[in-house]
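K.L.:
I would like to see how this sequence folds:
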Amino acid sequence: MLNVSENSIKEKVNTDNYVSFQKTKDYYAGKVFSRWLKYFFVLFGLLLFLPWTQNIQSKGYVTTLRPDQRPQTIQSVIAGKIEKWFVREGDFVNKGDTILFLSEIKDEYFDPQLLTRVEDQIKTKELTVNSYMEKVKALDSQIDALLRTKKLKMEQASNYVRQAHLQIQSDSIDYEASKTNLEIAAKQLERAEQLYNDGLKSLTDLEARKLKLQDAQSKKISAENKYLSSQNKLINAEVELNSLENQYRNKLAKAESEKFTAMSSMYDSEAAVTKMQNQYMNYSIRTGFYYITAPQDGYITQTIRSGIGETIKEGEQLLSIMPSIYDLAVAMYIKPMDLPLVSKGQPIQFMFDGWPSVVFSGWPNLSYVTYGGKVVAIDNFISENGKYRILVAPDTADHAWPTGLRVGSGAKGMALLKDVPIWYELWRKFNGFPPDYYIYSTDQATKSTTK
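P.N.:
As a prediction, this is how the structure comes out:
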């Protein structure tokens, strides 16, 4: 019946009279199935040669391109007590708007007239500096007067010394003349005595010669005495000159010592004034920290410290603020083995949380509701999760990212790599090989933009 045996009954039995023979005789379904099976293998073989875009898939989150556009917390520079809040969560604030007012909790700043008192102290100290400065000027004038007087006195003493030298020269000449006169008088007396003995001279003449000898001796002694007195005057003049030199040297040293003492006191006072001015500026700036202001335009997202009367420390977080203007970007984390495959300017396709997408990872041109981006930064150091972070900015050549995106939203990205046949990609994955290494160029960016 099934025509399994070699002995056919086709000639012996009329099979047209039996319905069962009619059903087993029809082979159309098998032919159709075999035909479709052939078409499937042909189509599958053709599909293996279609291009496939290798890619690296990774999850990330939406962030901002600039650090100053990311959510930030506002801290207090000084320790204080919360007195009044001027905002609430969700409020929009402009740069410089007052958010919070603090009061002082440190006893050294309790005085409400602190700045005025410090300013008065500065003025008093400045008057002290001026007094020392005037004293220094007075001592300078005194030193100049001493120098001028010293010069005149030294000239006067020098003249005395010179006069004494000249007097010595004059007296020495008179002394030598008196000695000569004495010798002449002695010789004349000797000749007069001889002539008197010979009877040629009278006794009167002899006595006259003796008187002249006595007078010459007296003049010699007087000249010698005068000569010695002149020498003593020279010594006294030189002693006076040295005494004046020492005297004015001591006076000048004393005046200069007083001057340097006054200058030292003046410099100490100036240092004290500078220190007090610094302290005054610190107090003045500190008063400005009582009001916590918004660093930029943004929205108050969360108040970390709340209530009235709470005390806070320096650097303690008070609230968080989200800037109102920001440039979106996506932070993705890729495996270390995929890091050589990523470079700056490389295109990335994104699917954002809340925006349904139809994605064909190997055919990005067929994907639906995906958004393009380009790599702008790659970390050089591995993150705590064991992966490298890359920062992706929107691709201006692609359609804009959704306006409803918020910082912190989830995103899934695909880094587009080299185009290879499907059979090669299957063979690579079956063998566990990584995607092909290649260097991304601007020509590839132009081609992807054209597509």
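K.L.:
all the strands of the chain, residue numbers only.
P.N.:
For the chain, the strands defined by DSSP state E occupy 51-64, 72-75, 80-85, 92-93, 98-103, 291-293, 298-303, 311-312, 317-323, 328-334, 347-352, 371-378, 388-394, 410-421.
K.L.:
report the distance from the third one to the chain centre.
P.N.:
Going back to what we said before, that points to strand 80-85. 33 Å (Cα atoms, centre = their mean, to the nearest Å).
K.L.:
that strand packs against which elements?
P.N.:
strand 98-103, strand 311-312 (3 or more Cβ pairs under 8 Å, 6 or more residues apart in numbering; DSSP states H and E). Where you see a C-beta, it was placed from the backbone N, CA and C, and this is true even at glycine.
K.L.:
ok, residues contacting the shortest one?
P.N.:
Strand 311-312 is contacted by residues 76, 79, 80, 81, 82, 102, 105, 305, 318 when judged by Cβ atoms under 8 Å, 6 or more residues apart in numbering.
K.L.:
residue farthest from the centroid of this structure?
P.N.:
residue 199 (123.7 Å; Cα atoms, centre = their mean).
K.L.:
look up phi and psi at that one.
P.N.:
phi 80, psi 10 (degrees, to the nearest 10).
K.L.:
now the helix ranked longest in the chain: mean pLDDT?
P.N.:
In the chain, assigned by DSSP state H, the helix with the most residues is helix 203-288. What helix 203-288 shows for mean pLDDT is 86.
K.L.:
doesn't residue 91 make contact with residue 85?
P.N.:
No - the pair residue 85 / residue 91 is not scored as a contact, 10.3 Å apart, by Cβ atoms under 8 Å.
K.L.:
between those two, which one's more packed in?
P.N.:
residue 85 (18 against 14; other Cβ atoms under 10 Å).
K.L.:
if I look at the residue lying closest to that one once chain neighbours are set aside, how far off is residue 127?
P.N.:
In space, and not counting its chain neighbours, residue 85 is closest to residue 100: 5.8 Å by Cβ to Cβ, 6 or more residues apart in numbering. Relative to residue 127, residue 100 is positioned 41 Å away (Cβ to Cβ, to the nearest Å).
K.L.:
to residue 233, which of the strands of the chain lies closest?
P.N.:
strand 80-85 (87.3 Å; Cβ to Cβ).
K.L.:
please name the strands paired to that closest one in the sheet, noting orientation.
P.N.:
strand 98-103 (antiparallel), strand 311-312 (antiparallel) (DSSP bridges).
K.L.:
dump these into CSV; add mean pLDDT, distance to residue 342 and mean neighbour count as well.
P.N.:
Listed next are the strands paired with strand 80-85 as CSV, based on pLDDT from 0 to 100; distance: least, Cβ to Cβ, whole Å; neighbours: other Cβ atoms under 10 Å:
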stretch, mean pLDDT, distance to residue 342, mean neighbour count
strand 98-103, 92, 41, 18
strand 311-312, 89, 44, 16
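K.L.:
need these in CSV with distance to residue 257, can you?
P.N.:
Listed next are those as CSV, based on distance: least, Cβ to Cβ, whole Å:
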stretch, distance to residue 257
strand 98-103, 53
strand 311-312, 56
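K.L.:
so which of these comes closest to residue 185?
P.N.:
strand 98-103 (117.3 Å).
K.L.:
off-centre distance for that closest one?
P.N.:
With Cα atoms, centre = their mean, you get 30 Å for strand 98-103.
K.L.:
surely residue 61 touches residue 333?
P.N.:
No - in this structure, residue 61 is not within contact of residue 333 by Cβ under 8 Å, at 9.6 Å.
K.L.:
neighbour count for those two, which is higher?
P.N.:
Neighbours were counted for residue 61 and for residue 333 using other Cβ under 10 Å; residue 333 has more, 17 against 14.
K.L.:
against residue 295, how distant is residue 395?
P.N.:
Here the criterion is Cβ to Cβ. By it, residue 395 lies 31 Å from residue 295.
K.L.:
between these two, which is the more surrounded one?
P.N.:
With neighbours defined as other Cβ under 10 Å, residue 395 and residue 295 compare such that residue 395 has more, 20 against 15.
K.L.:
quick one, domains of the chain?
P.N.:
Residue ranges for the domains of the chain, per automatic domain parsing: 1-47, 51-69+326-450, 72-95+292-322, 114-288.
K.L.:
quickly, which of the ones you listed bottoms out on average pLDDT?
P.N.:
Minimum mean pLDDT among these: domain 1-47, a mean of 67.
K.L.:
about what we covered before: will you turn the strands of the chain into CSV that also has distance to residue 275?
P.N.:
Converted to CSV, the strands of the chain look like this (distance: least, Cβ to Cβ, whole Å):
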stretch, distance to residue 275
strand 51-64, 44
strand 72-75, 28
strand 80-85, 25
strand 92-93, 38
strand 98-103, 27
strand 291-293, 27
strand 298-303, 39
strand 311-312, 29
strand 317-323, 32
strand 328-334, 48
strand 347-352, 58
strand 371-378, 47
strand 388-394, 48
strand 410-421, 56
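K.L.:
mind checking which of those strands is nearest residue 37?
P.N.:
Comparing the strands of the chain by Cβ to Cβ, strand 410-421 comes nearest, at 23.4 Å.
K.L.:
other SSEs contacting the closest one?
P.N.:
Going by 3+ Cβ pairs under 8 Å, 6+ apart, strand 410-421 lies up against strand 51-64, strand 328-334, strand 347-352.
K.L.:
paired strands for the longest one, with orientation please.
P.N.:
Each strand pairing with strand 51-64, determined using DSSP bridges, is listed with its direction: strand 328-334 (antiparallel), strand 410-421 (antiparallel).
K.L.:
next one: the shortest one
P.N.:
Here strand 347-352 has these sheet partners by DSSP bridges: strand 371-378 (antiparallel), strand 410-421 (antiparallel).
K.L.:
tell me which of the ones you listed approaches residue 38 most closely.
P.N.:
That would be strand 410-421 among the strands paired with strand 347-352, by Cβ to Cβ, at 22.2 Å.
K.L.:
picking that back up, for the residue nearest to residue 85, which residues make a bridge with it?
P.N.:
Going by DSSP bridges, residue 100 forms beta bridges with residue 85, residue 292.
K.L.:
hey, what's the spatially closest residue to residue 294 that is not a sequence neighbour bridged with?
P.N.:
In this structure, residue 294 finds its nearest non-sequential neighbour in residue 93, 4.2 Å apart by Cβ to Cβ, 6+ apart. Beta-bridge pairing for residue 93 (DSSP bridges): residue 298.
K.L.:
just put the strands paired with strand 347-352 in JSON lines and tack on distance to residue 109 and mean neighbour count.
P.N.:
JSON lines is the format used below for the strands paired with strand 347-352 (distance: least, Cβ to Cβ, whole Å; neighbours: other Cβ atoms under 10 Å):
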{"stretch": "strand 371-378", "distance to residue 109": "45", "mean neighbour count": "18"}
{"stretch": "strand 410-421", "distance to residue 109": "48", "mean neighbour count": "19"}
